[in-house]
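Colleague: Mind folding the following:
(6 chains)
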Protein chains: 4
Amino acid sequence: MSDDRLTRAADRTQAIMRSTLELAQEVGYAKLSIEGVAARTGVGKHTIYRRWPSKGALFLDAVLTSNEPGLDYPDTGDIVVDLRQQIHAAVDLLGQPPLGPLYQALVGEAQHDPLVAAALNERFIRPQADRTVARLRKAQQQGQLSPEFDLDVAMAILSGPLYFKLLITQEPLTHEYVERVLNVLLAGMTPRP
Amino acid sequence: MSDDRLTRAADRTQAIMRSTLELAQEVGYAKLSIEGVAARTGVGKHTIYRRWPSKGALFLDAVLTSNEPGLDYPDTGDIVVDLRQQIHAAVDLLGQPPLGPLYQALVGEAQHDPLVAAALNERFIRPQADRTVARLRKAQQQGQLSPEFDLDVAMAILSGPLYFKLLITQEPLTHEYVERVLNVLLAGMTPRP
Amino acid sequence: MSDDRLTRAADRTQAIMRSTLELAQEVGYAKLSIEGVAARTGVGKHTIYRRWPSKGALFLDAVLTSNEPGLDYPDTGDIVVDLRQQIHAAVDLLGQPPLGPLYQALVGEAQHDPLVAAALNERFIRPQADRTVARLRKAQQQGQLSPEFDLDVAMAILSGPLYFKLLITQEPLTHEYVERVLNVLLAGMTPRP
Amino acid sequence: MSDDRLTRAADRTQAIMRSTLELAQEVGYAKLSIEGVAARTGVGKHTIYRRWPSKGALFLDAVLTSNEPGLDYPDTGDIVVDLRQQIHAAVDLLGQPPLGPLYQALVGEAQHDPLVAAALNERFIRPQADRTVARLRKAQQQGQLSPEFDLDVAMAILSGPLYFKLLITQEPLTHEYVERVLNVLLAGMTPRP
DNA sequence: TCCTAATCGAGACGGTACGTCACGTCTTGCG
DNA sequence: CGCAAGACGTGACGTACCGTCTCGATTAGGA
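Modeller: Residues are numbered from 1 along each chain as shown, chains lettered A, B, ... in the order given. Have a look, this model is predicted:
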């Protein structure tokens, strides 16, 4: 079968990504090396370079693939319930191991490597943002939000403080914190009589 | 004189930081190397290692020193005016060269190097945040903000979306954008009758 | 026909050897690679490995095959005339491109690879030496050489200085040079009264 | 002292050459690698590349240095005695381990690398040849050789057959063989009445 | 005419070594 | 004595070939 080859190749691809995550968790992204990943996976370096152009690209793929399908969005009909649930899910996912530190390193790498930045946006950030804005828009159309409310900014206010804690102050990301953010946002969000 | 020696040392320190910024701007932080800085400055590597423990520490020092005293805070008495002025100053400073890309790289490095993260927080992030919260608190005491308003979160909502644009989506940071953020924040901020 | 397959195979064999010589002349033996020959010929690597065990063996085959039947020996009846003609033919063949540099590289490879050394001896060196000694012996039997003359050494004196120039001093191989060698040899070769 | 550094450097240089010879004798020149030499010597690869531009140059240096001062020339006053002694010394040196195989590989490498060829000539071949020709010339001036005898060719006839055995037929180099060569040469060398 | 077997191109694969770069440590000698 | 200069051991880079391997496609020649 033709699938044999593809299967073999896919197996190797996944094995490499698995080792990458393991190594990254053990020694940290800074000390991660393609040489090390190759050795740990029992694979030639070329086999890695054939698939990814750089350590950053490999790491991005490994991190994002490990977290398919990402953060799915609920839709209970009540925008407040949905936002709350979603933001708490984000904290659970990104605020602690295993994904938290990996994702933090990934965003860090994106600051040095435009390819990683672009891929990260396309594969994770933008879809997530789009889903959030779409959900907000629906609520707005249903009258749950005032018509002139700035949806893009609302999304940024949901995400930004979270990244601020994760990347800038690097304090633990808590449910209590995002709850407070949500409360402030809701104060400006609800339609006034 | 003893001052001579100190002066000489300080001169060298500044020369090294100057070369660091130049090199970083020319080749990018990722390709910056202590070896390169030493060569460009006409200085032995030891002279750099005597002053900074790592490339990250040197870069942090260079970036922050180049921007003393940072973002000063106005106090006109009107919190809205002050916040607006401050946030636009931040956009002017971080949203474009020369500081923008350097600062972006610096935050990136902080994700990989805890020492850089700590120093960045202590020397830049926390003082800035503290000033903002202090200004907000004063306004709250003057009755310009509702008493139960969450000041820490307000600060995070002012900063977070800015970092979100700078680090995550990496789109240009515009005055129009922060203005919209501010508007949403103000909607939840002003005291209700 | 069964010949078809053999013919096709032989065609491929020859195409590979042709590319080998071309590549060797273009980039030199040191940078010759089986990978390169395969690519240039439009052939899988396996097809080469199926025929030759190593780069050296392939190169040997290519060089020697390109020069079938080698140096034929004249027999005019006069040993001096014959030796002179033969040695000048050798200079014409080995002292200049295309064969000169290739042959030089071939002997070089023989120093590192016993298989090449053995094959080179069997297919080129020994036959050539045998023909020379045979011709000398015939001359000796005809009284043109003194009976106690050392034929093997005579052959080595005809060949040795030539290789000395080709491999050791690597100066151009001239007709004038071999003529002088021949003269010295003849001085000790001719029967004394 | 300034000698300290030079001494340290020279020590390393010699240690590297020593390992090179050891490794070459163990695994053969073809499998010799700079990586291997570095590992065996306990030295960084760069420390080798700083001193020699290629494996061939290192090997040449190692082989020739190990054999300083090479083949010294006797001068008893009798050219026949001197030539005989010299040629037998050459057989003792090059015809057997340890130097024989190393020297053979060295000449082999010279066929692929012009730098090695040039250095080999300058440091070993030409001086040796010059000494031989000088000794012959002196004998000629003393009337031990006929005035029109071709000294350069005589030198080539002493060396050539020796290299022919060493490099081409690769049979053992024996004293008996060079003795026969010498005899033939002497036959054409001695002045005729 | 179809089938079986061999051969082929293409190129993935685990390796080894290449030659380069920068790391952080060290030593030396000049000013 | 502090410094430039740069050698040093280390380890990773990204590349090139090695020789082995699997895959379909393209043949032949026998059923």
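Colleague: A:A30 - nearest residue in space that isn't next to it in sequence?
Modeller: Among residues not flanking A:A30 along the chain, B:H112 sits closest, at 4.3 Å (CB to CB, 6 or more residues apart in numbering or on different chains). All C-beta spots, glycine's among them, are computed from the backbone N, C-alpha and C.
Colleague: I figured the one you found hits A:Q104, correct?
Modeller: No: using CB atoms under 8 Å, B:H112 makes no contact with A:Q104, being 9.1 Å away.
Colleague: what's the spacing between the helix ranked longest in chain A and its chain's center?
Modeller: If you go by DSSP state H, chain A has its longest helix at helix A:2-27. Distance of helix A:2-27 from the chain centroid (CA atoms, centre = their mean, to the nearest Å) equals 20 Å.
Colleague: And chain B, is that helix touching that?
Modeller: No: remark: helix A:2-27 sits outside contact range of chain B, by CB under 8 Å from any CB of the partner chain, the gap being at least 11.2 Å.
Colleague: Let me know the next secondary structure element after that helix.
Modeller: Downstream of helix A:2-27, the next assigned helix or strand under DSSP states H and E is helix A:34-41.
Colleague: Give me the helices and strands touching that following helix, please.
Modeller: helix A:2-27, helix A:45-49, helix A:55-66 (3 or more CB pairs under 8 Å, 6 or more residues apart in numbering or on different chains; DSSP states H and E).
Colleague: And the average pLDDT for stretch A:71-88 is what?
Modeller: Mean pLDDT, computed over stretch A:71-88, is 87.
Colleague: Now for A:T76, how many residues are close by?
Modeller: 9 (other CB atoms under 10 Å in any protein chain shown).
Colleague: Please give me every residue in contact with it.
Modeller: A:D82, A:Q85 (CB atoms under 8 Å, 6 or more residues apart in numbering or on different chains).
Colleague: what's around A:H112, how many residues?
Modeller: Residues near A:H112, counting by other CB under 10 Å: 19.
Colleague: Show the low-confidence segments of chain A, by residue range.
Modeller: A:1-6, A:69-70, A:188-193 (pLDDT under 70).
Colleague: Let me see the domain layout of it.
Modeller: A:2-54, A:67-189 (automatic domain parsing).
Colleague: mind putting these in CSV, distance to B:D152 included?
Modeller: Shown next, in CSV, are these (distance: least, CB to CB, whole Å):
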stretch, distance to B:D152
domain A:2-54, 30
domain A:67-189, 8
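Colleague: Quick one: closest of those domains to DNA strand E.
Modeller: Closest to DNA strand E of the domains of chain A, according to CB to the nearest atom of the strand: domain A:2-54, at 2.8 Å.
Colleague: Any residue of the closest one touching DNA strand E?
Modeller: Yes: counting by CB under 7 Å from any atom of the strand, DNA strand E has neighbours in domain A:2-54: A:R8, A:A9, A:R12, A:G42, A:V43, A:G44, A:K45, A:H46, A:T47, A:R50.
Colleague: Weed out the non-buried ones from those.
Modeller: Taking 16 or more other CB atoms under 10 Å in any protein chain shown as the criterion, what is buried in these is A:R12.
Colleague: Now for the residues of domain A:2-54 next to DNA strand E: which two are most distant?
Modeller: Pairwise distances across the residues of domain A:2-54 next to DNA strand E (CB to CB) peak at 18.4 Å, for the pair A:R8 and A:K45.
Colleague: before we move on, back to that, please work out which of the domains of chain A is packed deepest.
Modeller: Greatest average neighbour count among the domains of chain A goes to domain A:67-189 (a mean of 18), per mean count of other CB atoms under 10 Å in any protein chain shown.
Colleague: just to revisit the earlier point, and the domains of chain A: which comes nearest D:L83?
Modeller: Short answer: domain A:2-54, nearest of those by CB to CB, at 57.6 Å.
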